[in-house]
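**Student:** Below is the structure, and that's it, no one-letter string:
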């Protein structure tokens, strides 16, 4: 079971508010999916995710395949049962992680040979193998196995890479057994070449997937280039399917992308930045280690209703961070996820109220650029 | 404000159930106080401590004095406000930490010169200075500045050390301004020499403190030696005052000590062991990294009602621990503190019901020795 229903389309942009329905529940879009790399959204208790009403989290196939392994997760009946998370889970294909360890892998038409970053053991990942693993994980949304084209590359390299990804997408589509309501998304590649991206979209539409992801962004290209390409693709992405911009991004990225019809996001930014002491506020990011906060009795963000801002001062959060206390990672991550959750709620509401253009202009004017 | 009321005394032992009343609330005894070294019970959110109905936590003067410093904590009006913990806090005197960094300190009658383990900066701690810091921290129960006598030492060394601690205790008593209901406990020293300990108790009673702590245990001596000395002191400790056994201990230590009239405990064991993957259960400790648990679908402790045991499997807890996930520290610490909290609840109830001797015999028979 997988449906996508658009509740409201913005008159002034490609933004839309919708609902994805899976057998494990509904997901209101635009949605931000917290990243639960190894079966935990890092440093965040499940209960807090539930309090946030998080509808979907992401799991990383590469990490879970290597540890604890699909044998163990399979014995539990899947990732949901293993990690005790009954709501929807999206898994990536493992490709991104395999390709990010360049020195450890060898690419062939058939798939990718790689070595585990944990123990150096040899493994092979292919479209069929990735689907097999994701089926064992039992995720609600699976992703096709693709090559994430790096930046910058020549047009020829981007073309070759995209065409390989399209052949792999078809093999994934053929391997997909549609068990237990698992859906499978295609991934658009083509680097920063809009015509290649357009070709990729057409090809994925021919193969036919219930959702369309955009891969190969946030790989080092200038922000404006990504926004520009998203604008050129906005009218071309199949309107009736959810659009997922993988690995993106900052609050500013998200607002820009929603304007271009993006419905789904995932990014390590809120949790990773939290662990590095970079906290999001409605006035921009705060580096909590800054000495200026050592005596600051005010909450991190006076406009934030999260349990961290309602209870603790900047001085205490700074003290925890400076002291390397584990609670620092937990509280910072909770705050940042709350911020992202609120941002998406406001985005959805403003779309439904026909006010998204106004909201986005105000937000993009007031929020510090590049964040 | 500080009172101690005994609700029930055990007929068959020195155990008693009581209530300490402070201006920040009541504390039922026997009580275990989680250690919040640097203003956080490591890895545990405040909310969980409140769910456990934790009535009192411990703060370390040495750590808080060095970071963030009493200047900052003082600006907040004290430690409670700085860390947002409105319930009682007990602070140690800082002596234990100063003396545990032997190479960094120089002992004189006046006090101790030491160097910060953080940055090597020079500091001086004396009875008066320790009280001054603890008053700035605003703890509900302060401890006298003492020398924690190491083990083993000669009788002469133990005697000299104890007498120094008694002189310092008197200086602390004189420095104590009794502000805002802060109470001050004396600390019995004397090493493993019972007669020296008895002299120390007499001396502290002459000086007159509202509570009596036993220091210098759990410093490497055989367990049985500690139990033996506690048994010899049990009838001598002033019955109307709370008895606090500092830095102790294991579940077995606690049950043994309650039999000898101990009312208060603190120990890093539940939280430190949690971070090392050693988890308490009613059948003894479990090393969660053990490969035997990798496919184990059962809860850590089927007899435990904590949110960790109610939601997660041993296999998931093992996976989190093996993966070094922050959530592992949090969940493990929550479970261990829940176990200690339950242990103390059962101890208190069995005393009130006149069943403590029976409970203690059963517990000490079934629980693995040395744990």
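**Tutor:** On my side now, so go ahead. The model shown is predicted, which means the values in this text are computed figures rather than measured ones.
**Student:** quick one: contacts for whatever residue of the stretch 201-350 of chain A ends up closest to chain B?
**Tutor:** Nearest residue of the stretch 201-350 of chain A to chain B, counting by CB to the nearest CB: residue A:326, 4.0 Å away. C-beta coordinates here come from the backbone N, C-alpha and C atoms, glycine included. Residues in contact with residue A:326, defined by CB atoms under 8 Å, 6 or more residues apart in numbering or on different chains, are A:43, B:42-43, B:326, B:329-330.
**Student:** likewise residue A:97?
**Tutor:** Contacts of residue A:97 by CB under 8 Å, 6+ apart are A:60, A:62-63.
**Student:** Let's verify it: helix, strand, or coil?
**Tutor:** Under DSSP: H, G, I helix; E, B strand; the rest coil, residue A:97 falls in the helix class.
**Student:** Retrieve the pLDDT associated with it.
**Tutor:** At residue A:97, the model reports a pLDDT of 88.
**Student:** what's the answer for residue A:104, then?
**Tutor:** Confidence score, pLDDT, at residue A:104: 72.
**Student:** Got phi/psi on it?
**Tutor:** phi -100, psi 10 (degrees, to the nearest 10).
**Student:** follow-up on the earlier one: going by neighbour count, which of the contacts of residue A:326 comes out on top?
**Tutor:** Ranked by neighbour count under the definition other CB atoms under 10 Å in any protein chain shown, these are headed by residue B:330 with 27 neighbours.
**Student:** surely that one meets residue A:45?
**Tutor:** Yes: if you go by CB atoms under 8 Å, residue B:330 and residue A:45 touch, sitting 6.4 Å apart.
**Student:** Spit out the residues that contact the two alike.
**Tutor:** Common contacts of residue B:330 and residue A:45 (CB under 8 Å, 6+ apart): A:330, B:45.
**Student:** and residue A:38, how many neighbours?
**Tutor:** Number of residues near residue A:38 (other CB under 10 Å) recorded here: 21.
**Student:** just the helices in the stretch 251-371 of chain A please.
**Tutor:** A:251-259, A:269-275, A:307-311, A:314-322, A:326-352, A:356-366 (DSSP state H, counting those that start in this stretch).
**Student:** so how far is the longest one off the chain centroid?
**Tutor:** Helix A:326-352 has its average C-alpha position 14 Å from the chain's average C-alpha position, going by CA atoms, centre = their mean, to the nearest Å.
**Student:** repeat for the last one
**Tutor:** Between the mean C-alpha point of helix A:356-366 and the mean C-alpha point of its chain there is a distance of 23 Å (CA atoms, centre = their mean).
**Student:** So which residues on chain A come close to chain B?
**Tutor:** Residues of chain A found near chain B (CB under 8 Å from any CB of the partner chain) are A:38-40, A:42-47, A:67-68, A:72, A:75-76, A:82-84, A:294-295, A:297, A:307, A:311-313, A:315-316, A:319-320, A:322-323, A:325-327, A:329-331.
**Student:** Can you select the buried ones among the residues you listed for me in ChimeraX?
**Tutor:** For the buried members of the residues of chain A next to chain B, the matching ChimeraX selection, counting by 16 or more other CB atoms under 10 Å in any protein chain shown, is:
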select /A:38,39,40,42,43,44,45,46,67,68,72,75,76,82,83,294,307,311,312,313,315,316,319,320,322,323,325,326,327,329,330,331
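**Student:** quick one: which of the contacts of residue A:97 is most hemmed in?
**Tutor:** Most surrounded of the contacts of residue A:97: other CB under 10 Å gives residue A:62, at 27 neighbours.
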